[in-house]
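Student: Everything below, folded, please.
(one chain, ligands or ions: 1)
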Amino acid sequence: MLAIQRSIKKHQLRLSQVPFLRRLESGEATMEDGRQFAADLTFWVMTFQDILRLNRSRMRQSTLSEIVEQHLREDSGHEKWFWHDVRALSVLRSAEWYFGEECARVRELSLELASEVFRSEHDELRVALILSLEATGEEFFPRVVSYFERCNLGHDLKYFAQTHREVERNHEVFETKTHEALARLQLDAERRAEALGLVTRVFAAFEELASFLEQRILDKTGHQSEGAVTKYLRDAASRGLVLRVGASAEAFGTDFGGILRSPVTAVVDARNEDDIVQAVSIANALGVQLTVRAGGNSQAGQSIPGSGLSLHVAPIREIRVDPGARMAFCGPGATWRELLLVSLKHDLIPYVQPLNLDLSVGGTVSAGGLGSSSHMHGTAAEHVGLLRIVTGGGKSISGRREDHPDMFDAVLANQGRCAVATEIGLSLRATAGRVQTFAFRYNALSDMLHDMKWLSRHDVPDHMEAFSSSFFLGMRCGAAGYVPHRRWAFTLHLSYERDTEVDPRHVATALRANELVLNESSTVASYAARYDSRFQFMRMSGAWQQAHPWLEWLLPAETAVELATTVLERLPAAFGEGHRLFYLPGDRDYPRFFAVPQAREFVGLAVLPTGVSKENLSAALDAASAIDRDLQERGAKRYLSGWLGSPNRMFWQHHYGQKFENWLDSKKRWDPNAVLQSRLFQTLETEGG
Ligand SMILES: Cc1cc2nc3c(=O)[nH]c(=O)nc-3n(C[C@H](O)[C@H](O)[C@H](O)COP(=O)(O)OP(=O)(O)OC[C@H]3O[C@@H](n4cnc5c(N)ncnc54)[C@H](O)[C@@H]3O)c2cc1C
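Tutor: Modelled structure (predicted):
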């Protein structure tokens, strides 16, 4: 049995390191989290009692029976304490709740553990089961008791209490004598292998349980110390910061993605840089966390607070254009629409602007910023020549890119992780008054991508964007029954900013397109706002309020046809169509933390459903995550404004590759107390990133 005991010790050590046990030991503890944990545990506590009884009743040998019998005596009846606590904490739920969706994972794991009782006929395995369960309890118990004390829920409890812990500590099973006797017990090879398998399964189930409980807390957040947050609000108010609480703060708990939601205790409405310095400095002093937010147009919690406090920078939106220097100086909340309104007076426009003009300049360059001119000019972030920032440590700095390259790395395409941009100096370019657009239809994706590559080197249009759409060919019999039969077609839009007319024949001769489907001209201003009516339609149809698990990848150009085809074939109908394709050169100086594939050129593929209904969401997210995993394994990189699930350390490691450690170091350097955070990075944080 010695090998079994050693294996248990090894697993115990591993269990003690999982994020949830670390949280129990010394992490944030709120009353709400403690109460939820107690309710979530119910099914397991009750199943444990049944395991004790059944395990004992199936014993055969008298010597080992004694150990199991004793264990039954010592641990049975504790459910009464548990029910006492459930009532004391007011977390007694309905039968529907205990047997419903929310508790499904705890039930499954409890039943998996109970199945061990029926798996083998041998008494040694029953003892191994008891030893494993006791060992998991040894890891959980002391931490749970201290956690409840920190949650301020420790009084009048019986199960989650020090007295229970003492009882557990005094158990015979833990006595050295018993352990020594068991260590001397010889098991044959077959039995030993079975017992080692049992130990592994039991600990795996507990690690799963711990990870589920951790996720439950992360899913609802609100786990900063209540005292510190209250103090933060008092200090912030006393320094004249504008705070909103209650219903008007609630909207900051979700984003355009519409998938995640977190409680928000308060929002600081920053009016100027000084407000940001104050807000961040108080957070540093009190050890609370803030989440930078502009318009909340991201989709995976990039701007959702993980800890209830939002730093809203959208009110800072002054714009000043210096036509001589061809620069615009924008407050972080200024939108691209507001910027164009001023810059077009001087026939100047940004090098790259997004399709949605109502995004903030600060939020867009914090994601990177892609648009229809990216094949020529890369990301919007690359055209930031001057920055003013407030670091996570609360320091105000400003400067030009060439003097402060590290500062630019910390902010651009870095999702508000290290610092807050308070002014963005953006280079502008001259434009003509009008834009002429040709649209070409293609039957084959390979032909269109070939032409996009050619056009990015010869006869370069000012704007280039492509779309995929499918047409319905009736129903066809698939592996799982009849499904719609679709064929994909592609359209390439090429736009030229010119004052004189461009002859479409001049453009078409070099292309493999099947048909010219559009030739039209408009002003630069209305071309820039070409998606307005689409967004308006989404708002009016209710699609804007639905979920938006948007997926954007940068694909290596050489495998783009294959990868994009995989996406088109595997995406469920809920993702709609009209997927976008962009072409991006590989030889640009992209922002340091804007991850790109290892390739000479890239194709951007964006799947942007207008809205996914609640009913379709779960299947849509499952499909998206399977496709995403596959694409990333095949060299694709994600654009980080879209739906990313709950990315863990492994995701970030893979995403940043060799820059991963630099990326972690940059956080430590600019935000030493990890004051700036968001739901996007919450899993990483709990993993110690
Ligand atoms: C309809 C629609 C169309 C879109 N079209 C495009 C497009 O064409 N091209 C494109 O690239 N993207 C596009 N996006 C995505 C968009 O770029 C990102 O979601 C962008 O981050 C959202 O900007 P926001 O102003 O709402 O910022 P938020 O969502 O509020 O913030 C985005 C991220 O930036 C951080 N942040 C915000 N402000 C600052 C600051 N001042 N300093 C430091 N960090 C900050 C936040 O913490 C967060 O991590 C689109 C989104 C929508 C909803």
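Student: Output the residue of the stretch 351-500 of the chain whose distance to the ligand is smallest.
Tutor: The nearest approach of the stretch 351-500 of the chain to the ligand comes at Gly363, 2.2 Å away (Cβ to the nearest ligand atom). Every residue, glycine included, has its C-beta placed from N, CA and C.
Student: what's near enough to touch that residue?
Tutor: Residues in contact with Gly363, defined by Cβ atoms under 8 Å, 6 or more residues apart in numbering, are 294-295, 297-298, 303, 332.
Student: same deal with Glu139?
Tutor: Glu139 sits in contact with 12, 15-16, 21, where contact means Cβ under 8 Å, 6+ apart.
Student: What of Tyr159?
Tutor: Remark: with contacts taken as Cβ under 8 Å, 6+ apart, Tyr159 is in contact with 45, 78, 81-82, 84-85.
Student: Thought Gln12 was touching Phe206, still the case?
Tutor: No - in terms of Cβ atoms under 8 Å, Phe206 does not count as a neighbour of Gln12; the distance is 10.0 Å.
Student: So for Leu129, what's the nearest residue that isn't a sequence neighbour?
Tutor: If the residues on either side of it in the chain are set aside, Leu129 comes closest to Glu116, at 5.2 Å by Cβ to Cβ, 6 or more residues apart in numbering.
Student: In terms of helices and strands, where is the one you found?
Tutor: Assignment of secondary structure by DSSP states H and E places Glu116 within helix 104-119.
Student: following that helix, which helix or strand shows up next?
Tutor: Read in the C-terminal direction, the helix or strand following helix 104-119 is helix 123-150, with elements assigned using DSSP H and E.
Student: And the contacts of whichever helix or strand comes after that next one?
Tutor: For helix 123-150, the following helix or strand on the C-terminal side (DSSP H and E) is helix 162-169. The list of residues contacting helix 162-169 from outside it, by Cβ under 8 Å, 6+ apart, reads 74, 78, 81, 137-138, 141-142, 145, 154, 158.
Student: Centre of the chain to helix 162-169, how far?
Tutor: Here helix 162-169 is found 39 Å from its chain centre; the criterion is Cα atoms, centre = their mean, to the nearest Å.
Student: One more: stretch 462-475?
Tutor: Computed by Cα atoms, centre = their mean, the chain-centroid distance of stretch 462-475 equals 29 Å.
Student: Likewise for stretch 131-143?
Tutor: Relative to the mean C-alpha coordinate of its chain, stretch 131-143 is positioned 31 Å out (Cα atoms, centre = their mean).
Student: Next to the ligand, which bits of the protein? Give me the list.
Tutor: Where the chain comes near the ligand, counting by Cβ under 6 Å from any ligand atom, the residues are 256, 292-298, 302-303, 313, 332, 354-356, 359-360, 362-364, 366-367, 369-371, 411, 415-416, 420-421, 535, 641, 678.
Student: Sitting in strands, which of those residues do you find?
Tutor: With DSSP state E as the criterion, strands contain 292-293, 420-421 from among the residues of the chain next to the ligand.
Student: Glu28 belongs to a helix, doesn't it?
Tutor: No - secondary structure of Glu28 (DSSP: H, G, I helix; E, B strand; the rest coil): coil, not part of a helix.
Student: right, and the residue nearest to Leu129 touches Val202 too?
Tutor: Yes - using Cβ under 8 Å, Glu116 makes contact with Val202 at a distance of 6.7 Å.
Student: and for these two, which residues touch both?
Tutor: Counting by Cβ under 8 Å, 6+ apart, the shared contacts of Glu116 and Val202 are Leu129.
Student: Report the distance from stretch 453-461 to the chain centre.
Tutor: On Cα atoms, centre = their mean, the centre of stretch 453-461 falls 36 Å from that of its chain.
Student: buried ones in that stretch?
Tutor: Under the neighbour-count criterion of 16 or more other Cβ atoms under 10 Å, stretch 453-461 has 453, 455-456, 461 buried.
Student: Likewise for stretch 385-396?
Tutor: Going through stretch 385-396 with 16+ other Cβ under 10 Å, the ones that come out buried are 385-394, 396.
Student: roughly how far apart are Glu382 and Ala413?
Tutor: Going from Glu382 to Ala413 by Cβ to Cβ, to the nearest Å gives 9 Å.
Student: Name the residues contacting each of those two.
Tutor: In the contact map built from Cβ under 8 Å, 6+ apart, the residues linked to both Glu382 and Ala413 are 590-591.
Student: Thanks a lot, catch you later.
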